[in-house]
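> how would this look folded up:
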Amino acid sequence: MEQSVERLGYVVMGVPDLAESTRFYSNVGHLTVHDRSAGTSFLGGGYDHHWLRLEENQHRRGLMRVGFRLTGDEALAEVANRLDERGIRFEEIGDLEGDGIDRGLRFVDPDGVEVDVYTDMLSRAVKPAQDAVRMTEMLHAVWFSSDPVAAHRFYADVLGFRASDWIKRNAVFMRSANNYHHSLGIFRSSPQRAASMDHFCILVENIDDVMRARNIALRQGAQLQKDVLRHAASGSISVYIADPMTGISFEFCTEHDIVDADHRPRLLEGSPITRDVWQAGSPGLARNAPLGATSDTPLPRVSEEGGVADMANSIA
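A predicted model of the protein is given here:
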């Protein structure tokens, strides 16, 4: 099957205080406010109209929707046909004046995640100035599912995603047509946690940008959800910053692998070394320690069943 999705386009989150969240993602996330409307802020770091859409919502906090950019008009028709064949309801979307999207579809996946796919988005004429953290693109999003195997099958069959790697069968990384290791990650969780987002990731130019983002976040009083690490699956060097308003974290990463089109997915072990290869060779630490652990950090034992979901953000 042809890959219908080119890349991740945007994430939509509900926040209790729009002004506070907008300031947070401007000051700590280094995103620029590209547009505003009543109760909504559109932020980005590239030419796209937005990478992150924040909607003030007192009742729904966290992930509301994700948007994927399609490879073209033909892909839009193909996705509509696949949804029809499976009896999945969808609606047409597209409002250049309202949300900056040209033509697209909106549907809900088996776990309850609302998904947009679209052909094009308004583009800024000039990329925002980036003196501190030089961002390249919105790279991937990771959320939870009660059945990652079934979720993988859905996204492969409907949108043409391809598995790049698995963590046992508890987590799957899926790539789109841009062939970055993953545009989408799905991790096993309880049914109650399904459809909630763990994190989204912004690709930056190099490790200096990762470290500047880290240090600026700390100076701004933000908390690191996980400190600097290198992932075995994607090869990326990352830092995770906690969003105190939603419980979601956002990741800045660099050196994220681009895989071959015929790449065969690996079945990786579910260990801390898979989450962070820099833990290898550290007696005791590699087996038991949470990521970001220091000599002063307790080394709790994490059950294999719970560990994948609880520390999923550290794997992607």
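> can you tell me which residues contact the closest residue to Ile216 other than its chain neighbours?
Distance criterion C-beta to C-beta, 6 or more residues apart in numbering; nearest residue to Ile216, sequence neighbours excluded, is Ala132 at 6.3 Å. Heads up, the C-betas are built off the backbone N, CA and C, glycines and all. By C-beta atoms under 8 Å, 6 or more residues apart in numbering, the contact set of Ala132 is 30, 212-213, 216.
> what about Asp120, how many neighbours?
With neighbours defined by other C-beta atoms under 10 Å, the count for Asp120 comes to 17.
> List the residues that contact it.
Here Asp120 is in contact with 69, 101-103 (criterion: C-beta under 8 Å, 6+ apart).
> Using TSV, lay out the contacts of Ala132 together with neighbour count, secondary structure and pLDDT.
Below are these laid out as TSV (neighbours: other C-beta atoms under 10 Å; DSSP: H, G, I helix; E, B strand; the rest coil; pLDDT from 0 to 100):
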residue	neighbour count	secondary structure	pLDDT
His30	24	coil	97
Arg212	17	helix	98
Ala213	24	helix	98
Ile216	16	helix	97
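> tell me the pLDDT at the nearest residue to Asp95 once chain neighbours are set aside?
Leaving aside its sequence neighbours, Asp95 sits nearest to Ile101 (C-beta to C-beta, 6+ apart; 6.4 Å). Looking at Ile101, its pLDDT stands at 96.
> Surely Ile101 and Leu76 touch.
No. Ile101 is beyond contact range of Leu76, at 11.8 Å (criterion: C-beta atoms under 8 Å).
> Who has more neighbours out of those two?
In this view Ile101 and Leu76 are compared by other C-beta under 10 Å, and Ile101 has more residues nearby, 23 against 19.
> What are the boundaries of the helices in this protein?
18-27, 73-85, 148-159, 207-219, 272-275, 285-288, 304-310 (DSSP state H).
> Good, wrapping up.
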